[in-house]
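[1] okay, structure incoming, though there's no sequence with it:
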Ligand code: SF4
Ligand code: SF4
């Protein structure tokens, strides 16, 4: 049905002081020809909102264009329910509030007019999205890993009403914590070691009717997508799958395989100790009485801490901290738990033998938060010596005792320590490092993409738990090194994300970061040339492929980033609320002055996640910047299709600045690699420039974090200077 476009202009918050709002309304009416265009002194007031609402009662549905504050604020006030579509035009933060002191009023007026033209052009191309409703969404969670994190996540999901399948490759539940003699202090006064509560948790899981536990199993394959993953489990190591728990006992497990329909997945497979074989320089493998934390823990649990060489009690024990950790050649990161583990094990040794002496040799002692209380308690023990220093050598004496040379000890001197036993505080590596666990039937590979250290995180700042595969959440030490208290919290966080994913998928809505977005990419496959760019570049592996290379979308895996839209050379991928045509229409809506007016025009395509809000913040701080830029937000820089660059250049824009999130190892791109992809696609852009005989300097890519809003005036100013040097675009006025 035809829609009425109705435009509302607010003169509040300084907008009316920046431009003549009545004159702007006349221009909007003349240029964009909406059904109506009215002004109001304060649109977000009850009267202002009532003025809008009164227009929405007609027979034809309306698209409302609100020229006022940024679309990032007052979202609840300006949320008119379907069939109304709302489009926001940022006249406040990015026009009135960014004005420079000496700005020509004509420049401000032209900016305001273009903002409104672009908004109406966008509104005309926006449809109400039809959400993708999956044929069946299963309220069930697969938890992979039966350690503390997996057990906690399973209980949390089950208590929230989901059915849970908990799979564990070992023949018993409990994981790493089940092997602990004692745990570090978890409650005030944080001075006393605790008996791990894992047995109680295992019992709760086994008694829970909504959790099915399968032991000694592995995942053979996971097909499908969030809401409807098909999971095949097979018995591991030639054993028959063992079942535990009341409900599980009733479950039929026929043959070697079992299949489940699953809504979301939590990966809680933990970590393993760093390979001590790499620590020969600290004596491991070379000296019989050099062992690891894990080995000492096992001895403590068995009741006797002795020298492996002769079984004699260990009277002098030295712990070497950061054994392999915080070492660029080995594990560059801190495993967070090793300091507390050594302090804990020092207490074991002193409890077993009050005459024993313990040395803890550290680079830095890290006992954050309340753990400092436990550190103090250990410091008070006269039999435990803690000293900073670098271990230069560990040598074995004929009687198998050890001599440790320590450089730069606390007072700067070199010292020598004799010990019966040396314990290496080895860090942890994620179970996902060089391992296949999930066996996903995804075009982009069978397991979760991981970072340089093997952790399957997707965005370490904004979205903990999210992996690069939608509907699959990582929790506990597989996500990042953490202790058991943090793992319990992590499990609950991941459980919430999994449950949220199932609920949103059932509504056809996206999960983070475009939470609640109902749009999804529509592929006009009749024109697909099977170039495979979309299936290769989708950061979330949402697209599979048929034998010819035609994409096979899995809509509920999709995060709606638009990167496939940016990649497609045929321009056949579009969303109801974000399309090639829409963006081209916005670019074409800008009035580009001809060369004689000496007013450059620069298109600034900004990532809506960080850069766009950074521009809003710059406005809020009244940081002035050049009025000759025209800002268009994009879902991700990776969603920019080269055709928009060509459109802008042929329209006469003098330059194009693309501003996205930071990329590299500490990337902040909300879609993992969108801004990086735009960088790698720059060859295509340069080709476009060359084919138009234009200078390469006219297009620039910049990275900007949200917190760097203060850089905006300089960043814009610098690019405008470049454009001044390059000169006006010869396509102007053609
Ligand atoms: S919109 Fe993003 S997540 Fe969805 S299919 Fe395209 S590239 Fe993949
Ligand atoms: S990028 Fe476009 S043309 Fe290429 S495979 Fe994907 S849909 Fe087909």
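    Happy to help now that I have it. The structure displayed is predicted, hence computed values, not measured ones. Ligands and ions are numbered 1, 2, ... in the order given.
[2] any idea which helix is longest in this protein?
    helix 484-507 (DSSP state H).
[3] any idea of the mean pLDDT for that one?
    Averaged over helix 484-507, pLDDT sits at 97.
[4] contacts (any at all) between ligand 2 and the following helix or strand past that helix?
    Moving toward the C-terminus from helix 484-507, the next helix or strand (DSSP states H and E) is strand 522-523. Yes. Against ligand 2, strand 522-523 shows contacts by CB under 6 Å from any ligand atom at residue 523. Every C-beta, even on glycine, is put in place using the N, C-alpha and C of the backbone.
[5] what's whatever helix or strand comes next after strand 522-523 in contact with?
    Using DSSP H and E, the helix or strand that directly follows strand 522-523 along the chain is helix 533-537. Applying CB atoms under 8 Å, 6 or more residues apart in numbering, the external contacts of helix 533-537 come out as 443-444, 523, 543-545, 549, 551, 563-564, 567-569, 573, 638, 677.
[6] run the last query once more with 7 Å
    443, 543, 545, 551, 563, 564, 567, 568, 569, 573, 677 (CB atoms under 7 Å, 6 or more residues apart in numbering).
[7] isn't the fourth one right up against residue 523?
    Yes. Because the distance of 6.0 Å satisfies CB atoms under 7 Å, residue 551 is recorded as touching residue 523.
[8] more neighbours: those two, which one.
    residue 551 (25 against 20; other CB atoms under 10 Å).
[9] so what pLDDT did the closest residue to the more buried one other than its chain neighbours get?
    Spatial nearest neighbour of residue 551, excluding adjacent residues (CB to CB, 6 or more residues apart in numbering): residue 543 at 4.5 Å. Looking at residue 543, its pLDDT is 97.
[10] tell me the phi and psi of residue 452?
    When read as degrees, to the nearest 10, the backbone of residue 452 gives phi -60, psi -20.
[11] OK, contacts around it?
    residue 665.
[12] where does the residue in the stretch 301-450 of the chain positioned nearest to ligand 1 sit: helix, strand or coil?
    Closest residue of the stretch 301-450 of the chain to ligand 1, CB to the nearest ligand atom: residue 444 (10.2 Å). Following DSSP: H, G, I helix; E, B strand; the rest coil, we place residue 444 in the coil state.
[13] and it, how far from residue 544?
    According to CB to CB, to the nearest Å, residue 444 stands 9 Å off from residue 544.
[14] and for residue 610?
    Distance from residue 610 to residue 544, by CB to CB: 31 Å.
[15] equivalent analysis for residue 131, please.
    Residue 131 is 21 Å from residue 544, by CB to CB.
[16] who does residue 233 form a beta bridge with?
    Counting by DSSP bridges, residue 233 is bridged to residue 219, residue 258.
[17] now that we have the contacts of helix 533-537, which one has the most neighbours?
    residue 563 (30 neighbours).
[18] spell out which parts of the protein neighbour ligand 1.
    By CB under 6 Å from any ligand atom, the residues of the chain that approach ligand 1 are 521, 538, 540, 542, 543, 558, 559, 560, 561, 562, 563, 564.
[19] not counting its neighbours along the chain, what's nearest the second one?
    With CB to CB, 6+ apart as the measure, residue 564 is the residue that lies nearest to residue 538, at 5.6 Å, once sequence neighbours are left out.
[20] if we can go back for a sec, give me the more crowded residue out of residue 610 and residue 544.
    Applying other CB under 10 Å to residue 610 and residue 544 shows that residue 610 carries more neighbours, namely 24 against 18.
[21] could you pull up phi and psi at that one?
    phi -120, psi -50.
[22] check contacts around the closest residue to it other than its chain neighbours.
    Once flanking residues are discounted, residue 610 sits nearest to residue 706: 4.5 Å by CB to CB, 6+ apart. Going by CB under 7 Å, 6+ apart, residue 706 touches 610, 613, 614.
[23] and for the closest residue to residue 13 other than its chain neighbours, the neighbour number?
    Counting by CB to CB, 6+ apart, residue 92 is the residue found nearest to residue 13 once chain neighbours are left out, at 5.1 Å. Neighbour count for residue 92, taken as other CB under 10 Å: 23.
[24] helix/strand/coil for residue 92?
    Using three-state DSSP, the structure places residue 92 in coil.
[25] wait, isn't it in contact with residue 68?
    Yes. Residue 92 lies in contact with residue 68 (CB under 7 Å); the separation is 6.2 Å.
[26] how far away from the center of its chain is stretch 639-653?
    30 Å (CA atoms, centre = their mean, to the nearest Å).
[27] quick one: contacts of stretch 30-47?
    By CB under 7 Å, 6+ apart, the residues outside stretch 30-47 that reach it are 4-12, 21-22, 25, 28-29, 48, 51, 55, 66, 68, 74, 77, 116-117, 120.
[28] pull out the buried members of the residues you listed.
    Using 16 or more other CB atoms under 10 Å as the burial test, those include 4-12, 21, 25, 28, 48, 55, 66, 68, 74, 77, 116-117, 120 as buried.
[29] can you pull out the strands in the stretch 601-734 of the chain?
    602-607, 629-634, 655-660, 699-703 (DSSP state E, counting those that start in this stretch).
[30] who's in contact with the first one?
    Contacting residues not belonging to strand 602-607 are listed as 587, 612, 615, 628-634, 636-637, 640, 648, 653-661, 675, 719-720, 723 [CB under 7 Å, 6+ apart].
[31] okay, now the unreliable bits of the stretch 51-200 of the chain?
    Residues of the stretch 51-200 of the chain meeting the criterion pLDDT under 70: none.
[32] hey, where'd the helices end up in it?
    Secondary structure of the stretch 51-200 of the chain (DSSP state H, counting those that start in this stretch): helices located at 105-124, 148-159, 175-178, 198-207.
[33] over to the stretch 551-700 of the chain?
    Under DSSP H, counting those that start in this stretch, the stretch 551-700 of the chain gives helices at 563-567, 580-589, 611-620, 642-651, 674-680, 682-691.
[34] got those helices as a markdown table, with mean pLDDT and distance to residue 534 columns?
    Formatted as a markdown table, the helices of the stretch 551-700 of the chain follow (pLDDT from 0 to 100; distance: least, CB to CB, whole Å):
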| stretch | mean pLDDT | distance to residue 534 |
| --- | --- | --- |
| helix 563-567 | 97 | 4 |
| helix 580-589 | 97 | 13 |
| helix 611-620 | 97 | 24 |
| helix 642-651 | 94 | 14 |
| helix 674-680 | 87 | 12 |
| helix 682-691 | 86 | 15 |
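[35] of those helices, which is nearest residue 400?
    helix 674-680 (53.2 Å; CB to CB).
[36] buried ones in the closest one?
    Under the neighbour-count criterion of 16+ other CB under 10 Å, helix 674-680 has 674, 675, 676, 677, 678, 679 buried.
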